[in-house]
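S.K.: just the structure for this:
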Amino acid sequence: MKFFLLFILLLSSLHGLVSQFAKDDYQVLIGKNFDDEALDIIEDYDYNISLVGYTQYYKTTQQHNTSYNNAFDYLRSTNEYNGEQLRLIKLNSSAQIVNDISLKLRSFNHGTSICKTARNGYILGGYIHSGQMLITRLNADGKSFYLKDFGTANFDQLHSLISMPDGSAIAIGTSQTSRNTNDNMFVQGLGRNDVYLVKFRPNGQIRWRKKYGSTKKDIGVDGAATNDGGFILLGITQEADDFKLWLAKISDTGDTLWVKDYPKSGRQKAFKITRLSDGDYLISASFENKNNQDNIRLIKIDNEGNVLWEHDYFNNAHEHLNDVNVDMRGNIIGVGYSQDEHQGDKDALVRYYDHNGNMIWERKFGKHRQDSFNAVSLLHDNSFTIAGFTKSFANKGRQIWVMKLNDDGSIVKIRQKRYTTLYEALRVEFAKDKDIQIYKNLRITHNGLIFKQGSASLTAKHKEVLKNFMPRLTKVLNSYKQEIKNIQVNGYTSTEWNAPNTQRYLNNAHLSNDRAMHILDYSYSLKTLKKYHNWLSQKLSTDGYSYSNLILADKKENKVRSRRVEFEIRLKIED
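M.R.: Numbers count the residues shown, from 1 in each chain. Okay, the predicted model is just below:
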């Protein structure tokens with residue numbers, strides 16, 4: 001294990017120009033005319049979005065008077081000054097950059113994956129061009145807790161990083177077969193390339209690392225966590241023109257519990273596995289059609305790897321879905337590219353399917369050059385954020401391309417002004433109430449709506465708070481009723497419950513939902529709200545978040561304050 005002792009985190013928005021399309025569209029370009037690309041994207045707990053990828057970094061201190069004896073020395077000197085660096089970018093609801101961080105390491109590197117920590121920080125994964133994997137953990141402001149490279153004595157590459165419920169992380173990638181007797185871990189029986197897995201504890205220490213594979217070329221692509229602390233691994237095996245897509249169930253300790261193949265003739269590729277809300281899993285892959293083109297293949301499996309349904313989507317073009325996700329209705333969104341074989345142009349592609357894989361709509365983006373989407377993430381309001389690259393709007397090179405889409409395929413509109421107006425109205429109404437906190441993302445908390453451990457029952461104090469608070473809140477919101485999409489009552493808990501992890505989470509999920517429901521029930525009983533009942537019936541909903549969003553104090557869980565109910569206001573999308 002090697003630690004990078006010399007690195008700089010540069011916090012700046014000077015890496016490139018941010019270009020915005022239509023005035024109100026949430027659609028931006030980031031980067032100068034070099035090669036920049038986003039490979040993964042996620043929503044933060046404050047409803048901002050963060051993405052990871054790479055940026056081309058060009059040093060300006062190169063010595064021009066140096067002479068070289070051969071071309072190889074010259075190319076080596078060029079590589080010391082030009083290349084890729086991992087980049088993390090955070091955008092707010094107005095599509096403005098609020099954080100922009102690049103790692104300036106001695107070796108050029110590539111960011112591939114982003115995961116969230118419990119405190120709104122990040123775990124980022126990637127690889128170094130010289131052949132090591134890379135992992136770093138940052139806080140919400142981008143300050144690094146640790147930065148490490150890791151791997152075998154051979155060439156390794158990280159393809160995916162998945163977070164586990166206990167705060168650990170799994171690095172999934174590929175390693176060349178060891179033929180080095182000093183590398184005692186992997187000296188026997190594996191093929192040309194092998195799957196390489198590393199499990200990290202929350203503090204960044206390695207818990208275990210293992211190789212898996214056959215005598216052929218094996219590639220670890222992605223993974224998805226399971227309820228028992230393990231995960232399902234997605235991979236591809238190749239030998240000449242023979243391809244095999246497979247899944248493996250890996251235990252918490254790295255043992256292989258089962259392996260299953262999903263055969264298909266011709267060339268195959270694998271891109272993504274994602275867990276669905278019903279406990280099943282969705283795989284995005286591709287197959288070779290009769291015209292020797294890659295076409296989209298989706299497979300839904302249960303937690304034992306059994307196929308529930310499978311669809312091959314034939315088209316006279318090269319098409320990939322690099323990432324897939326599922327919305328609150330159970331519908332599927334996939335992003336990637338479509339490339340016409342005759343024209344050669346590559347368009348960024350978005351497909352939307354129902355829960356059975358039947359296509360509802362398709363949209364393509366880009367002009368007459370190369371464009372692709374690499375990642376999609378579901379947002380709290382059932383819209384999506386998408387990231388990738390475009391060459392259609394730059395004079396040369398690639399630019400990072402980020403947008404938000406609604407579930408009907410339309411581009412989300414920026415809502416800063418309307419949020420600000422309602423936010424200020426709420427602040428004015430509750431200006432003298434020290435127990436009430438109004439957040440800019442229209443989240444509202446009340447210190448009087450804290451519950452006893454294990455209880456969802458309303459006390460006399462709770463009822464007095466609601467008698468005063470709810471009529472005032474509803475009156476303000478009613479003034480904006482044409483713009484309000486949803487008023488949600490969210491219940492939360494602490495981590496307290498004497499039960500195994502899974503049962504503890506489920507018990508707290510029920511408890512958090514009960515707390516929200518009791519608030520809703522009592523509020524509806526208030527005579528002062530009766531005149532608003534028809535409107536509230538169309539807008540009010542509840543949800544229980546268990547202990548997924550704890551309140552912290554001095555970096556420790558504040559168990560009392562975590563046992564709470566909050567209100568969240570969601571606005572409609574502008575036409």
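S.K.: could you dump the helix or strand where Leu88 lies to PDB, C-alpha only?
M.R.: Using DSSP states H and E, Leu88 sits in strand 82-91. C-alpha atoms of strand 82-91 as PDB (Å, rounded to 0.1, in the frame of the first residue of the first chain):
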ATOM      1  CA  ASN A  82       0.100  17.000 -20.000                       C
ATOM      2  CA  GLY A  83      -2.600  14.600 -18.900                       C
ATOM      3  CA  GLU A  84      -5.700  13.800 -16.900                       C
ATOM      4  CA  GLN A  85      -6.500  14.600 -13.300                       C
ATOM      5  CA  LEU A  86      -9.500  13.500 -11.300                       C
ATOM      6  CA  ARG A  87     -12.100  16.200 -10.900                       C
ATOM      7  CA  LEU A  88     -15.000  16.700  -8.500                       C
ATOM      8  CA  ILE A  89     -17.600  19.400  -9.300                       C
ATOM      9  CA  LYS A  90     -20.600  20.500  -7.300                       C
ATOM     10  CA  LEU A  91     -23.500  22.300  -8.800                       C
END
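S.K.: just want the angle from the helix or strand that that strand is followed by to strand 82-91.
M.R.: Following strand 82-91 in sequence order, the next helix or strand is strand 97-104 (DSSP H and E). Here strand 97-104 points in a direction 150 degrees away from that of strand 82-91 (axes from the mean of the first three to the mean of the last three C-alpha atoms, to 10 degrees).
S.K.: Asn486: what secondary structure?
M.R.: Three-state assignment for Asn486 (DSSP: H, G, I helix; E, B strand; the rest coil): strand.
S.K.: and the nearest residue to it once chain neighbours are set aside, how many neighbours?
M.R.: Among residues not flanking Asn486 along the chain, Arg570 sits closest, at 4.3 Å (C-beta to C-beta, 6 or more residues apart in numbering). Where you see a C-beta, it was placed from the backbone N, CA and C, and this is true even at glycine. Residues lying near Arg570 (other C-beta atoms under 10 Å) number 16.
S.K.: next one: Tyr127
M.R.: Tyr127: 25 neighbours (other C-beta under 10 Å).
S.K.: and the next helix or strand past the host helix or strand of it?
M.R.: Here Tyr127 sits within strand 122-128, counting by DSSP H and E. For strand 122-128, the following helix or strand on the C-terminal side (DSSP H and E) is strand 133-138.
S.K.: give me the helices and strands touching the next helix-or-strand element following that next one, please.
M.R.: Later in the chain than strand 133-138, the nearest helix or strand by DSSP H and E is strand 144-150. When contacts are defined as 3 or more C-beta pairs under 8 Å, 6 or more residues apart in numbering; DSSP states H and E, strand 144-150 sits against strand 2-3, strand 133-138.
S.K.: nearest to Leu282, of those?
M.R.: Closest approach to Leu282 among the helices and strands packed on strand 144-150 is made by strand 133-138 (26.1 Å; C-beta to C-beta).
S.K.: and the closest one, what other elements does it pack with?
M.R.: Under the contact criterion of 3+ C-beta pairs under 8 Å, 6+ apart, strand 133-138 touches strand 82-91, strand 122-128, strand 144-150, strand 156-163, strand 169-176, strand 193-200.
S.K.: mind running it again at 10 Å?
M.R.: Applying 3 or more C-beta pairs under 10 Å, 6 or more residues apart in numbering; DSSP states H and E, one finds that strand 133-138 contacts strand 82-91, strand 97-104, strand 109-116, strand 122-128, strand 144-150, strand 156-163, strand 169-176, strand 193-200.
S.K.: let's see it as PDB, backbone CA atoms only.
M.R.: Extracted in PDB, the C-alpha atoms of strand 133-138 (Å, rounded to 0.1, in the frame of the first residue of the first chain):
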ATOM      1  CA  MET A 133      -6.100   2.100  -8.400                       C
ATOM      2  CA  LEU A 134      -7.000   5.300  -6.500                       C
ATOM      3  CA  ILE A 135      -9.400   6.000  -3.600                       C
ATOM      4  CA  THR A 136     -10.000   9.300  -1.700                       C
ATOM      5  CA  ARG A 137     -12.400  10.400   1.000                       C
ATOM      6  CA  LEU A 138     -13.500  14.000   1.200                       C
END
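S.K.: ranges for the helices of the protein?
M.R.: 71-79, 416-429, 460-478, 501-525, 533-539, 559-562 (DSSP state H).
S.K.: picking that back up, got the buried residues for the strand holding Leu88?
M.R.: Using 16 or more other C-beta atoms under 10 Å as the test for burial, strand 82-91 gives 83-91.
S.K.: about what we covered before: which of the helices and strands packed on strand 144-150 sits closest to Lys272?
M.R.: Per C-beta to C-beta, nearest to Lys272 of those: strand 133-138, 19.3 Å.
S.K.: ok so, going back, any chance of the helices and strands packed on strand 133-138 in TSV, plus distance to Val376 and mean pLDDT?
M.R.: Converted to TSV, these look like this (distance: least, C-beta to C-beta, whole Å; pLDDT from 0 to 100):
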stretch	distance to Val376	mean pLDDT
strand 82-91	15	84
strand 97-104	20	85
strand 109-116	13	90
strand 122-128	18	92
strand 144-150	27	88
strand 156-163	15	93
strand 169-176	19	92
strand 193-200	25	92
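S.K.: so which of the ones you listed is nearest Ala431?
M.R.: Closest to Ala431 of those, according to C-beta to C-beta: strand 97-104, at 26.4 Å.
S.K.: what packs against the closest one?
M.R.: Looks like strand 97-104 contacts strand 8-11, strand 27-30, strand 49-58, strand 82-91, strand 109-116, strand 122-128, strand 133-138, strand 144-150 (3+ C-beta pairs under 10 Å, 6+ apart).
S.K.: direction included, what does the second one pair against?
M.R.: If you go by DSSP bridges, strand 27-30 pairs up with strand 18-20 (antiparallel), strand 399-405 (antiparallel).
S.K.: what's the mean pLDDT across it?
M.R.: The pLDDT scores in strand 27-30 average 91.
S.K.: follow-up on the earlier one: may I see the helices and strands packed on strand 133-138 organised as TSV, with distance to Asn447 added?
M.R.: Shown next, in TSV, are these (distance: least, C-beta to C-beta, whole Å):
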stretch	distance to Asn447
strand 82-91	29
strand 97-104	28
strand 109-116	26
strand 122-128	30
strand 144-150	31
strand 156-163	31
strand 169-176	35
strand 193-200	37
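S.K.: return the residues in contact with Lys260.
M.R.: 232, 245-249, 301, 304-307 (C-beta atoms under 10 Å, 6 or more residues apart in numbering).
S.K.: please repeat the previous calculation with a cut-off of 8 Å.
M.R.: 246-248, 305 (C-beta atoms under 8 Å, 6 or more residues apart in numbering).
S.K.: what bridges to it?
M.R.: What pairs with Lys260, by the bridge criterion (DSSP bridges), is Leu247.
S.K.: quick check, pLDDT for it.
M.R.: 95.
S.K.: any idea of the mean pLDDT in stretch 561-575?
M.R.: In this model, stretch 561-575 has an average pLDDT of 82.
S.K.: can you give me how far it is from the chain middle?
M.R.: Here stretch 561-575 shows a centroid-to-chain-centroid distance of 21 Å under the convention C-alpha atoms, centre = their mean, to the nearest Å.
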